[in-house]
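*Asks:* After the sequence you'll find the predicted model.
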Amino acid sequence: MHRNVDMIRVLIVDDSFTTREYLKHIIDTDPELQIAGEAKNGEEAVTLATTIKPDVIIMDIQMPGVNGYEATRAIMEKCPRPIIIHSTLMAPDQTENIFKAMKAGAVAVSQKPPGIGHPESKDLVDKLLRTVKLMSEVKVVRLLQQKQRKTKSLSDSLKTSREPASSIGIVAIGASTGGPPVLQTILSGLNKNFSPPIVIVQHIATGFLEGMVEWLAKTTPLTLKIPKTGEPVLNGHVYFAPEEFLTDITPTRIFRLYPSRGHENARRPISHLFSSVAKTFKKNAMGVLLTGMGADGAIGLWKMKEQGAMTLVQDRESSVVFGMPGEAIRINAETFVLQPEEIAGFLNTTERKIRS
């Protein structure tokens, strides 16, 4: 059959023949997608990635021999391609490799759709197809180039910084595509006695948040939690908004969480958090918007800035996708544009100014 040259070519990698056949069936249902090839293990995946150069790769994480993390690392060193880690709901032994693969350059994680007839099958298939199309547009770079990026001096930013508010009551962070490794860089770079609470909204596939939090907890001395409604916002804690919920923080520093389904802000959980923080904490807050596709967070960050809060945006060079940060800059919502290492340094320095 004749294929349009503009079609998105997909390489499927999974050790299960049944899963590969089901994924091929799913890809074939979309006229914009084309099967470029299939591999049953990581070694075959690396070979095919370098020879057929697909537009996007769907990568299983748990395979015999060369696993998904090892294959991702090799591909990102030799012939970078957008890689979607494709996994069942997080099992403890998979957690480490999934997020190590994302740190190595994988751009997204997706839940494997259950078989036809399952009540969630259609939604998960639709999400997978959307993810494949969106991730095919991401421009990835070699892993070695990522390592060689030079961090700009923080001193120039600090020299021009206005004096911080008398008290930073909270730090609100939003991230999407490419966010987990950036969050690791920032959280691992914070002082062990960093005091202001941090509340984070990370767009991630349903079922993977808890595993991400466990992975991040290994590299920071701060306490990481997924909060519940009515829980107080405590200093020295890092909170991750639960999946499919919107997060408000009351003037008494209490979490209010409610399902996002059907809410007007269902697709803008980052902006919702930022807007709540702007209303409650005004100038005594800091907002941080990181890599991600789309525009979520930009309006909320602008509201924070309008209230006098300090607002930081990740720079284009270090962002996997510059959509959210770029939109924030477009509407003048940022105070500073920084790299991840600089953001951690800025937070530490600002807190020292407050303490002194």
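*Replies:* Perfect, I can see it now. For clarity, every value in this text was computed on a predicted model and none was experimentally measured.
*Asks:* Let me know the pLDDT of Lys152.
*Replies:* Note on Lys152: pLDDT of 45.
*Asks:* scratch that, Ile354
*Replies:* Looking at Ile354, the pLDDT reads 53.
*Asks:* Leaving out chain neighbours, which residue sits closest to Met135?
*Replies:* Closest residue to Met135 apart from its sequence neighbours, by Cβ to Cβ, 6 or more residues apart in numbering: Pro82 at 4.5 Å. (C-beta placed from N, C-alpha, C; glycine too.)
*Asks:* Surely the one you found touches Val56?
*Replies:* Yes. With contact defined as Cβ atoms under 8 Å, Pro82 reaches Val56; the gap is 4.7 Å.
*Asks:* could you pull out the strands for the stretch 201-350 of the chain?
*Replies:* For the stretch 201-350 of the chain, the strands defined by DSSP state E, counting those that start in this stretch cover 223-225, 237-240, 245-249, 255-259, 285-289, 310-314, 336-338.
*Asks:* Could you pull up the contacting residues of Leu347?
*Replies:* Val171, Ile186, Leu190, Phe194, Met286 (Cβ atoms under 8 Å, 6 or more residues apart in numbering).
*Asks:* where in the stretch 151-300 of the chain is pLDDT low?
*Replies:* Confidence mapping of the stretch 151-300 of the chain against pLDDT under 70 gives the ranges 151-167.
*Asks:* how about the helices in it?
*Replies:* 155-160, 179-188, 209-217, 269-281, 298-306 (DSSP state H, counting those that start in this stretch).
*Asks:* Tabulate the ones you listed (JSON lines), appending distance to Glu70 and mean neighbour count.
*Replies:* Output for the helices of the stretch 151-300 of the chain, formatted as JSON lines (distance: least, Cβ to Cβ, whole Å; neighbours: other Cβ atoms under 10 Å):
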{"stretch": "helix 155-160", "distance to Glu70": "37", "mean neighbour count": "12"}
{"stretch": "helix 179-188", "distance to Glu70": "17", "mean neighbour count": "22"}
{"stretch": "helix 209-217", "distance to Glu70": "17", "mean neighbour count": "19"}
{"stretch": "helix 269-281", "distance to Glu70": "33", "mean neighbour count": "24"}
{"stretch": "helix 298-306", "distance to Glu70": "37", "mean neighbour count": "23"}
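*Asks:* Tell me which of these sits nearest to Thr72.
*Replies:* Thr72 lies closest, by Cβ to Cβ, to one member of those: helix 179-188, at 12.2 Å.
*Asks:* that older thread, please identify the deepest-packed of the strands of the stretch 201-350 of the chain.
*Replies:* strand 285-289 (a mean of 29; mean count of other Cβ atoms under 10 Å).
*Asks:* Could you please name the strands that strand pairs with and the direction of each pair?
*Replies:* Strand pairing for strand 285-289, using DSSP bridges, gives strand 170-175 (parallel), strand 310-314 (parallel).
*Asks:* Just the CA coordinates for the first one, please, in CSV.
*Replies:* Taking C-alpha atoms only, strand 170-175 is exported to CSV below (Å, rounded to 0.1, in the frame of the first residue of the first chain):
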residue,chain,number,x,y,z
ILE,A,170,5.6,29.1,49.3
VAL,A,171,7.2,28.0,46.0
ALA,A,172,4.8,26.8,43.3
ILE,A,173,6.3,24.8,40.3
GLY,A,174,4.6,23.6,37.1
ALA,A,175,6.1,21.1,34.6
